[in-house]
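1. got a sequence here, can you build the structure:
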Amino acid sequence: MTPTDSRTSGSHQARRVAWAAFIGSTIEWYDFFLYATAAALVFNAQFFPSADPAVGSIAAFGTLAAGFVSRPLGGLVMGHFGDRYGRKNTLIASLLIMGLCTVAIGLIPTYSAIGVAAPILLTLMRVVQGIGLGGEWGGAVVLTLEHAPENRRGLYGAAPQMGVPAGLIAANLAVLGLTRALGEDAFNSWGWRIPFLLSLLLVAVGMYLRLSIEESSAYSELAEPAVRRKLPVAEVLQEHWRSVLRACFVVVGNSSVAYVFMTYVLSYGKQTLHIDATFLLLSVIGGAVMWLVSAPLWGQLGDRWGLRRLFLIGGYIRVAWALAFLPVVDTGNKPLIFVFMLSMGLVLSMTHASVGVMTALMFPLKIRYTGSSAAYQIGSLLGGGITPLVAASLMKATGTSMSITLYILAVGLISLAATKGLSRDDVGAGVSAAEREPQPQKV
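-> Residues are numbered from 1 along each chain as shown. Here you go, the predicted model:
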């Protein structure tokens, strides 16, 4: 094979891996967001009946947080296997875990049928879901990064990140379509189970795609046991814990705003402001579409400007948008809310598209799966995992959305400070040529 043929083959495989990462990530996030949407709209009544709807919402969002608590565990466990035995096989396992748990959620009887066992089973399945997703994100980002051309890591690295808005769109369209087709009462009673059961078909598609891709050549060079660590997590915790902390705080701001935008606004708008749930779902879908279609653009700009620089610019804009978000929703002006939701999708995409590659490049190849997974999932727990629960609790305690806005502002400023503290060495090759220090030539 000539060098040209080799480059062509490598480029083809990189595109195939990016496509498989996008589809597989979309399926996993469909499963995860389907639960989040159901928690906001259905689960409080079906699994946590209470005379006070606010208490039911807090309990439902508590199970949502349980999935986030288990995500770091999934990142460590699946990361261990991904660094020891290969990225591809670990990604296949994560897809199976996630999909089968989602189907199981669709089969759990409600509180009225089996009592307290219902919320216990629901929480258990959510925890296992979190373990699957904890291993999915790191593997998809790392495998895509390791196949991508060096000068296009931002663009290719955006592919698995695009699975987040795509999964959100698919989950909300499923809920919206079934609500309209069955009627709200029928959907809330039993129709909500259908999109969970449909996950089985999506898993079959994802399995087909993942079986067709190759392991990264970079990882294959670490195939000798002498090179690989027996316990990658030990090296992560002993030698790279500072990178884990820095990455956590970089991630937390984006994750916090995203889950207010994607999840909490559904419950808040419906129960507190009495805004039509269908309108809220359409607004979230519209914002997610903007998030999805703009991600490749931000990935390309990350390759040109540098991932850290792009993330910083987006971080400042995201803080400003977050300050206005709930005050805009509080107006009850539907056209204004819809336009603002669209713009929020663009803002979130600006930082989200680059954060995957930027996080992965903070760790060396032999522990990259474990390190990046643990850092991202802990950051997501501290951001998106607890934010809907904190928001619902703050709203009940203060009676005003301003308390939630101030909380999001504080988290956003922490994230900005952590990002500003990153150096070129921290993000490795995730900088543009203009940012990179000239390196001495080897002789």
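
2. which residue packs closest to the residue nearest the centre of the chain, ignoring adjacent ones?
-> Nearest residue to the geometric centre of the chain (C-alpha atoms, centre = their mean): V164, 5.4 Å. Among residues not flanking V164 along the chain, W29 sits closest, at 5.2 Å (C-beta to C-beta, 6 or more residues apart in numbering). Placement of C-beta: from N, CA and C, glycine included.

3. the one you found and L280: what is the separation?
-> Distance from W29 to L280, counting by C-beta to C-beta, to the nearest Å: 19 Å.

4. can you check M262 too?
-> 11 Å.

5. pLDDT below threshold where in the stretch 101-250 of the chain?
-> Along the stretch 101-250 of the chain, the model assigns pLDDT under 70 to residues 222-230.

6. which parts of it are helices?
-> For the stretch 101-250 of the chain, the helices defined by DSSP state H, counting those that start in this stretch occupy 111-114, 117-147, 153-182, 184-186, 193-197, 199-211, 217-220, 232-239, 241-259.

7. kindly calculate the angle that the last one makes with helix 153-182.
-> Using axes from the mean of the first three to the mean of the last three C-alpha atoms, to 10 degrees, the inter-axis angle of helix 241-259 relative to helix 153-182 is 40 degrees.

8. quick one, helix 241-259 and helix 232-239 angle?
-> Using the same axes, to 10 degrees: helix 241-259 against helix 232-239 is 110 degrees.

9. same question for helix 241-259: list its buried residues.
-> 243-244, 246-259 (16 or more other C-beta atoms under 10 Å).

10. OK, contacts around P364?
-> H240 (C-beta atoms under 8 Å, 6 or more residues apart in numbering).

11. start the count at 584, not 1, going forward
-> I'll keep to 584 as the first residue from here, and by that count the last item is P947.

12. look at it and report its pLDDT.
-> Turning to P947, the model gives it a pLDDT of 86.

13. what's the answer for M873, then?
-> 95.

14. tell me which element it falls in.
-> Element membership of M873 [criterion: DSSP states H and E] is helix 860-888.

15. packing partners of that helix?
-> Secondary-structure packing of helix 860-888 (3 or more C-beta pairs under 8 Å, 6 or more residues apart in numbering; DSSP states H and E): helix 736-765, helix 848-850, helix 890-913, helix 917-943.

16. so what's G650 closest to, chain neighbours aside?
-> Nearest residue to G650, sequence neighbours excluded (C-beta to C-beta, 6+ apart): G713, at 3.8 Å.

17. surely the one you found meets F651?
-> Yes - G713 sits in contact with F651 when judged by C-beta atoms under 8 Å, with a separation of 6.3 Å.

18. who's more crowded, these two?
-> Taking neighbours as other C-beta atoms under 10 Å, G713 and F651 compare with G713 leading, 31 against 28.

19. identify the residues contacting the more buried one.
-> G713 touches 649-654, 656-657, counting by C-beta under 8 Å, 6+ apart.

20. again with V600
-> Taking C-beta under 8 Å, 6+ apart, one finds 726-727, 730, 796-797, 799 in contact with V600.

21. just read off the phi/psi values of G669.
-> Main-chain torsions, G669, degrees, to the nearest 10: phi 120, psi 140.

22. burial check on it, number of neighbours?
-> Neighbours around G669, by other C-beta under 10 Å: 20.

23. doesn't E798 make contact with it?
-> Yes - using C-beta under 8 Å, G669 is in contact with E798, at 5.4 Å.

24. what's the pLDDT at the closest residue to A936 other than its chain neighbours?
-> Nearest residue to A936, sequence neighbours excluded (C-beta to C-beta, 6+ apart): W881, at 3.9 Å. At W881, the model reports a pLDDT of 94.

25. what about W881, how many neighbours?
-> Per other C-beta under 10 Å, the neighbour tally for W881 reads 25.

26. quick revisit: now the helix holding M873: buried residues?
-> 860, 863-875, 877-879, 881-882, 884-886, 888.

27. next: stretch 734-745.
-> Counting neighbours by 16+ other C-beta under 10 Å, the buried set in stretch 734-745 is 735-745.

28. could you dump these to a markdown table with distance to V686?
-> Output for the buried residues of stretch 734-745, formatted as a markdown table (distance: C-beta to C-beta, whole Å):
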| residue | distance to V686 |
| --- | --- |
| R735 | 37 |
| R736 | 35 |
| G737 | 35 |
| L738 | 34 |
| Y739 | 31 |
| G740 | 30 |
| A741 | 29 |
| A742 | 26 |
| P743 | 23 |
| Q744 | 26 |
| M745 | 24 |
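
29. so which of the contacts of G713 are in helices?
-> Counting by DSSP state H, the part of those found in helices is 649-654, 656-657.

30. could you dump those to TSV with distance to A1001 and pLDDT?
-> What follows is these, written out as TSV (distance: C-beta to C-beta, whole Å; pLDDT from 0 to 100):
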residue	distance to A1001	pLDDT
A649	26	75
G650	24	74
F651	19	74
V652	22	80
S653	24	86
R654	19	84
L656	23	89
G657	23	88
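
31. number of nearby residues for Q596?
-> 15.

32. to clarify, my last question referred to M933.
-> M933 has 24 nearby residues by other C-beta under 10 Å.

33. could you do L931 as well?
-> Neighbour count of L931, defined by other C-beta under 10 Å: 29.

34. which residues are in contact with it?
-> Per C-beta under 8 Å, 6+ apart, neighbours of L931: 837, 840-841, 844, 870, 874, 901.

35. closest to Q596 among those residues?
-> W874 (27.2 Å; C-beta to C-beta).

36. state the distance from the closest one to G607.
-> 18 Å.

37. also P743?
-> In terms of C-beta to C-beta, P743 sits 8 Å off from G607.
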